[in-house]
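Chemist: Have a look; sequence and predicted model below, questions after that.
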Amino acid sequence: MLAVEHLSHSFRSGSENTPVLHDIDFRVDKGEMIALLGSSGSGKSTLLNLMAGLMKPTSGSILISGQAIEKMSENRLAEFRRTHIGFIFQSYELIPHLTVRENVELPLVFQGQRGKHRREKAMSLLSKVGLGEKTEMFPSQLSGGQQQRVSIARSLITQPAIVFADEPTGNLDTKTEKEIIDLLIELNQTLGITFVIVTHELEVAKRTRRVIQLRDGYLVEDGAWAGDAE
Ligand SMILES: Nc1ncnc2c1ncn2[C@@H]1O[C@H](COP(=O)(O)OP(=O)(O)OP(=O)(O)O)[C@@H](O)[C@H]1O
């Protein structure tokens, strides 16, 4: 599903070269749910941007569904991203003047899909995330947790091969954080959605079966959470 192969990345500005990721290597199988854990500055965002095809790596490769995304042209990559990758952001990134349903439909609008089909898919996903009653409301009328549910439904509507979630609970209180992680786990288990959750929060990482930990740009752990016993 996802293979990150010997990935290294440095940022260059003028004569300065800042190495940020060092020989990162791991695979994520279909139906897995993993947490990418690391403290601030460990390289999580850089790795996420590379895996999502938003930047090209200095060296190494990223394969999604067997296709090396760093080799794709900009146009091909934009199309690939629209059809194969889902995104969930910390700040939801909903369009304020569109209804909840219209926000969820949006990725299909970009694919040129017809209205009725789009609407049915959006309604079905919104009821799966517990928002069947809120479809005609606007984002500002919802709580933060509800807005994140909308963004989760939107990330799934193209039936992507993999969904990247960037600090999905970063703006939420502890109780809502738990509810959102519960929802992601349920979607993973019932629909087999493959999730990569980028987080610096131990509580989030502990809930996934597999944790990949970055420290100073190095992959230092890959496996079941081995921290404090529960
Ligand atoms: N465009 C850039 N140019 C130079 N250095 C950069 C750039 N972007 C990030 N860095 C550096 O790369 C390192 C990793 O940053 P990154 O944002 O990937 O970490 P992070 O783990 O996502 O942190 P946070 O949780 O705070 O977002 C940091 O030392 C940062 O200063």
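Modeler: Structure's in. What do you need?
Chemist: contacts for the helix or strand hosting S45?
Modeler: Using DSSP states H and E, S45 sits in helix 44-51. For helix 44-51, contacts defined as CB atoms under 8 Å, 6 or more residues apart in numbering pick out 2, 4, 7, 9, 20-21, 24, 36-38, 55-57, 62, 64, 70, 164, 166, 196, 198, 200, 214. All C-beta atoms are positioned from the backbone trio N, CA, C, and that covers glycine.
Chemist: Report the mean per-residue pLDDT for stretch 19-26.
Modeler: The average pLDDT for stretch 19-26 rounds to 97.
Chemist: how far away is the spatially most central residue of the chain from the ligand?
Modeler: Residue closest to the average C-alpha location in the chain (CA atoms, centre = their mean): F164, at 1.4 Å. Plainly put, F164 is 13 Å away from the ligand if you go by CB to the nearest ligand atom, to the nearest Å.
Chemist: Kindly report the same for A78.
Modeler: From A78 to the ligand the distance is 21 Å (CB to the nearest ligand atom).
Chemist: So that residue, which state does it fall into?
Modeler: Taken by DSSP: H, G, I helix; E, B strand; the rest coil, the conformation at A78 corresponds to helix.
Chemist: And the helices in the chain?
Modeler: For the chain, applying DSSP state H gives helices covering 44-51, 74-84, 100-110, 115-128, 144-156, 174-191, 202-205.
Chemist: Only the buried residues of the longest one, if you could.
Modeler: Of the residues in helix 174-191, those buried under the neighbour-count criterion (16 or more other CB atoms under 10 Å) are 176-181, 183-184, 187-188.
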